[in-house]
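Asks: Sequence plus the predicted model coming up.
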Amino acid sequence: MDLSALDLSILGPALIAGLLVLATHVPMGMQVLDRGIVFIDLAIAQIAGLGVIAADFMGWEPQGMLVQVAAVAAALAGALLLTFTERRAGRHQEALIGVLFVLAASGGLLLLASNPHGGEHLKDLLVGQILWVSPKQIVWLAVLTAVLLVLWFGGASRRGSFVFYALFSIAVTASVQVVGVYLVFSSLIIPALATRNLAGTRRLLAAWALGAVGYALGLAASAVLDLPSGAVIVWVLAVIGVVLALATAPAREVAAA
């Protein structure tokens, strides 16, 4: 344990990036939970990651504009496909989302098969590199977050499935390159699931608070214990989520447990 590792010059930008991710993912996660399509975020994040891997395969500059275009284009194509399958085979939408996830993950592995740094790229995609987020990435993420929140709370999310999937895809595409697939899923689902017994603004504020505390404690614990930040934050979010869910559960649910 090394308390001197609590360096705000490194943990501060990472926490800001996490709060920006939570700003859009918490309300979106609640709608994902309500729609019963929990694994959509894994599928979209994996498809966006496939776009990044494909851009790397083409030799394009990492973090460059062409990489962002490739990731967003791949995610929007996934959103369009999910809108189509929802209309044509809505009963099987969750299964189709799972198939899409496996295809995107397998496609990424095939593209990385001849890359000597493929294993490292895959690890970055899954657990992210939140500690090394750059000021440029934070500014870009902040602007995108502001635009998405205005559109989301302005009612765009209720204007049909494709608009919902498109906004969701853009948000996930931006966040997966900063925090990785696992934290994207956790930021969407754990706060929404833990606050399911609350309603309205109270639920939204509680979910945001849960996420903020989870990211802050997770980053601090990962620094002090010298463990991977993304994985530690996921576990801290889960523990806090269980505590909050039990604290807000109706008495009959607690008795049954």
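Replies: Ah, there it is. Residues are numbered from 1 along each chain as shown.
Asks: okay, which residue is most central for this structure?
Replies: In the chain, the residue lying closest to the centroid (CA atoms, centre = their mean) is Val184, at 1.7 Å.
Asks: where does the stretch 51-200 of the chain have low pLDDT?
Replies: Along the stretch 51-200 of the chain, segments meeting pLDDT under 70 span 61-64, 117-122, 156-160.
Asks: at 50 instead, please
Replies: The model of the stretch 51-200 of the chain has no residue with pLDDT under 50.
Asks: Which helix in the chain has the most residues?
Replies: The residue-count maximum for a helix in the chain (DSSP state H) belongs to helix 161-194.
Asks: List the buried residues in it.
Replies: Within helix 161-194, the residues scored as buried using 16 or more other CB atoms under 10 Å are 162-194. To be clear about C-beta, it is placed using only N, CA and C from the backbone, and glycine gets the same treatment.
Asks: before we move on, back to that, tell me the spacing between the residue nearest to the centre of the chain and Leu109.
Replies: Distance, Val184 to Leu109, using CB to CB, to the nearest Å: 19 Å.
Asks: Pull out the buried positions in the host helix or strand of Ala45.
Replies: Per DSSP states H and E: Ala45 is located in helix 40-57. Neighbour-count burial for helix 40-57, counted by 16+ other CB under 10 Å, picks out 40-56.
Asks: Then stretch 227-236?
Replies: Quick answer for stretch 227-236 (16+ other CB under 10 Å): 229-234, 236.
Asks: from the residues you listed, which single one is nearest Ala73?
Replies: Proximity of the buried residues of stretch 227-236 to Ala73 (CB to CB) peaks at Gly230, which lies at 25.5 Å.
Asks: Could you pull out the buried residues of the helix or strand hosting Val224?
Replies: Taking DSSP H and E as the definition, Val224 sits inside helix 200-225. Using 16+ other CB under 10 Å as the test for burial, helix 200-225 gives 203-204, 206-212, 214-223.
Asks: name the helices or strands packed onto it?
Replies: In terms of contacts (3 or more CB pairs under 8 Å, 6 or more residues apart in numbering; DSSP states H and E), helix 200-225 is packed against helix 8-35, helix 161-194, helix 229-248.
Asks: Reformat those into CSV and put distance to Ala71 next to each item.
Replies: Below are the helices and strands packed on helix 200-225 laid out as CSV (distance: least, CB to CB, whole Å):
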stretch, distance to Ala71
helix 8-35, 15
helix 161-194, 5
helix 229-248, 19
